[in-house]
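Participant: Fold the following, please.
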Amino acid sequence: MISRRNFILNSSMAAAAALLVPSFVLAAADKRAVGLQLYSLREELPKDVKGTIAKVAKAGFKEVETYGFSIKDQFWGLTPKEFKALLDANGLKAPSGHYGLGTYLSDGNTVELKAAIAAAKVLKSEYVTVPWLDSSIRKNADDYKKIAARLNEAAKMCKAAGIRLAYHNHNFEFEKIGNTTGYEILLKGTDKKLVDFELDLYWVVRSGNDPIKLFKENPGRFTMWHVKDMDKANPALNAEVGTGSINFKPIFADAKLSGMKHFFVEHETNYKPNPIESVTASCAYIKKEII
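Facilitator: As a prediction, the model looks like this:
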């Protein structure tokens, strides 16, 4: 039997040890799922959807973010229902997906937007995420203001379906437009209650900005992240997480301030030498060294 003295001593030691554990780990003890943006495997996936998804699960990922959905081809030839069954069979969830939305952001046509929302509902996703802005629709501040207004309207449609809208950045949004940037316009012009942001950490750093500063200025708005490292020799290239120049530990330590709920490993460039091996290495490092 444990004496009262030993119980108190052990409890005090445990409390002291807890103070040494990063707050992110404590807050995210039930959120250790490492996600993968499937675009990382864009060469393999269309050729062998079932085999590639099985490899993703085997690599240690628990969540995925989709890309490439279209009304014509669906998810690489699989309907949303069939793709959901494939994810279920491999113990994977898809909390978010990148959807092109057709011409919605330029002319307001909602056909592709409605299809994206319907597909996301079948996958039981939490987010429909806008992945990119064509250069033709983002030439000046007024263009970004129009985009922000359209994002708000799309977000209302998503909300009606029980889904949230998110916006994913690259680096062009951080280019100066007078005394502001496109990203600032989007942050200020979108409704906090409706529109979230998926912060691509690589592109933020690549643009010369600080993710933590963004967290402090816009707490709670960055509910998803893309996690990819920057090659030390050539910043234009990605690197496996933990081998590049980005220090992810302090960023993850401020996950609560960010509002982060999900994060996804993504490799856009510089496979070395095998895509699945590359993302597997990133997953392993995150699990061992960060979370």
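
Participant: all helices for the stretch 101-250 of the chain, in order.
Facilitator: Assigned by DSSP state H, counting those that start in this stretch, the helices in the stretch 101-250 of the chain fall at 104-107, 111-122, 141-160, 182-189, 201-206, 211-217, 248-253.

Participant: is it possible to export these to JSON lines including mean pLDDT and distance to G68?
Facilitator: For every residue, glycine as well, the C-beta is placed using N, CA and C. Supplementary listing: the helices of the stretch 101-250 of the chain in JSON lines, determined by pLDDT from 0 to 100; distance: least, Cβ to Cβ, whole Å:
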{"stretch": "helix 104-107", "mean pLDDT": "98", "distance to G68": "17"}
{"stretch": "helix 111-122", "mean pLDDT": "98", "distance to G68": "11"}
{"stretch": "helix 141-160", "mean pLDDT": "98", "distance to G68": "19"}
{"stretch": "helix 182-189", "mean pLDDT": "98", "distance to G68": "24"}
{"stretch": "helix 201-206", "mean pLDDT": "98", "distance to G68": "20"}
{"stretch": "helix 211-217", "mean pLDDT": "98", "distance to G68": "27"}
{"stretch": "helix 248-253", "mean pLDDT": "98", "distance to G68": "27"}
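
Participant: could you show me where the strands are in this structure, in order?
Facilitator: Remark: strands of the chain, listed N- to C-terminal, are 35-37, 63-66, 93-98, 127-130, 164-168, 176-177, 180-181, 195-200, 224-227, 229-230, 238-239, 262-265; assignment by DSSP state E.

Participant: For V111, give me its contacts.
Facilitator: Under the criterion of Cβ atoms under 8 Å, 6 or more residues apart in numbering, the neighbours of V111 are 71, 102.

Participant: measure it to L194 for me?
Facilitator: Remark: distance between V111 and L194 (Cβ to Cβ, to the nearest Å) = 21 Å.

Participant: Likewise for R164?
Facilitator: For R164, the distance to L194 equals 7 Å [Cβ to Cβ].

Participant: quick one: which of the strands of the chain is nearest I291?
Facilitator: Minimum separation from I291 across the strands of the chain (Cβ to Cβ) falls at strand 262-265, 9.2 Å.

Participant: chain center to the closest one: distance?
Facilitator: 5 Å (Cα atoms, centre = their mean, to the nearest Å).

Participant: For the remainder of this discussion, apply numbering that starts at 517.
Facilitator: Happy to do that; since the first residue is 517 now, the last one works out to strand 778-781.

Participant: in it, what's buried?
Facilitator: Neighbour counts using 16 or more other Cβ atoms under 10 Å place 778-781 of strand 778-781 among the buried residues.

Participant: Equivalent analysis for stretch 673-688, please.
Facilitator: Neighbour counts over stretch 673-688 (16+ other Cβ under 10 Å) mark 673-674, 679-687 as buried.

Participant: Extract the C-alpha trace of that stretch and format it as CSV.
Facilitator: What follows is stretch 673-688 as a C-alpha-only set of coordinates in CSV (Å, rounded to 0.1, in the frame of the first residue of the first chain):
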residue,chain,number,x,y,z
MET,A,673,-23.0,28.0,-48.2
CYS,A,674,-20.5,25.8,-46.4
LYS,A,675,-21.9,26.7,-43.0
ALA,A,676,-25.4,25.7,-44.2
ALA,A,677,-24.0,22.3,-45.0
GLY,A,678,-22.2,22.0,-41.6
ILE,A,679,-18.7,22.7,-43.1
ARG,A,680,-16.3,25.5,-42.8
LEU,A,681,-14.4,27.3,-45.5
ALA,A,682,-10.6,27.8,-45.3
TYR,A,683,-8.0,29.6,-47.4
HIS,A,684,-4.6,28.2,-48.1
ASN,A,685,-1.7,30.6,-48.9
HIS,A,686,1.4,30.6,-51.0
ASN,A,687,3.9,33.5,-50.9
PHE,A,688,2.3,35.9,-53.5
